[in-house]
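**Q** only geometry, no sequence info:
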């Protein structure tokens, strides 16, 4: 019997509990053994899975960084809201003692729209 084609498929379970299958079929070239062709196909399939796993891992890390950043931003906004409330309570006391206070301080890059938006911004 002469083998003219080889096929290799691999099924893996991803971190998201789903399955991915990668496979390939190759024609055995003249002068090549079926075992040699199978080795080449197996190496190619494994390389494809490794590349896909690397991309998936990178995407997971980026998603986690985004989630962490959003949580940190919510914490900063909450702290800033608390500081603004303290300022609003302290300003009349300072003015009663003759200290001009004006508006609550703004931070670099913050304007009235940013300060008033609170959690309404899409972050």
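**A** Structure's in. What do you need? These numbers come from a predicted model, not from an experiment.
**Q** from the chain's centroid, how far away is the strand or helix carrying residue 7?
**A** Applying DSSP states H and E as the criterion places residue 7 in strand 5-13. From the chain centre to the centre of strand 5-13 is a distance of 30 Å (CA atoms, centre = their mean, to the nearest Å).
**Q** what are the contacting residues of that strand?
**A** With contact meaning CB atoms under 8 Å, 6 or more residues apart in numbering, strand 5-13 is reached by 19-28, 34, 37-38, 41-42, 45-46, 49, 53. Yep, even glycine has a C-beta here, placed from its N, CA and C like the rest.
**Q** at 6 Å what do you get?
**A** Contact with strand 5-13 is made by 19-23, 25-27, 34, 37-38, 41-42, 45, 49, as judged by CB atoms under 6 Å, 6 or more residues apart in numbering.
**Q** out of these, the closest to residue 69 would be?
**A** Nearest to residue 69, judged by CB to CB, of the contacts of strand 5-13 is residue 20 at 28.7 Å.
**Q** what residues does the helix or strand harbouring that closest one touch?
**A** Using DSSP H and E, residue 20 falls within strand 19-27. The contact list for strand 19-27 (CB under 6 Å, 6+ apart) reads 5-7, 9-14, 37, 41, 44-45, 48-49.
**Q** beyond it, next helix or strand please.
**A** Next element after strand 19-27 (DSSP H and E): helix 34-96.
**Q** how about low-confidence regions in this structure?
**A** Along the chain, segments meeting pLDDT under 70 span 104-105, 107-123.
**Q** go again with 50.
**A** Scanning the chain for pLDDT under 50 picks out the ranges 118-123.
**Q** now a ChimeraX select for only the buried ones of the contacts of strand 19-27.
**A** To isolate the buried subset of these in ChimeraX, counting by 16 or more other CB atoms under 10 Å, use the following:
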select :6,37,41,45,49
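**Q** from the contacts of strand 19-27, which is closest to residue 91?
**A** residue 14 (55.5 Å).
**Q** mind listing what that closest one touches?
**A** residue 20.
**Q** now the phi/psi pair for it, please.
**A** The phi and psi values for residue 14, taken as degrees, to the nearest 10, are phi -90, psi 170.
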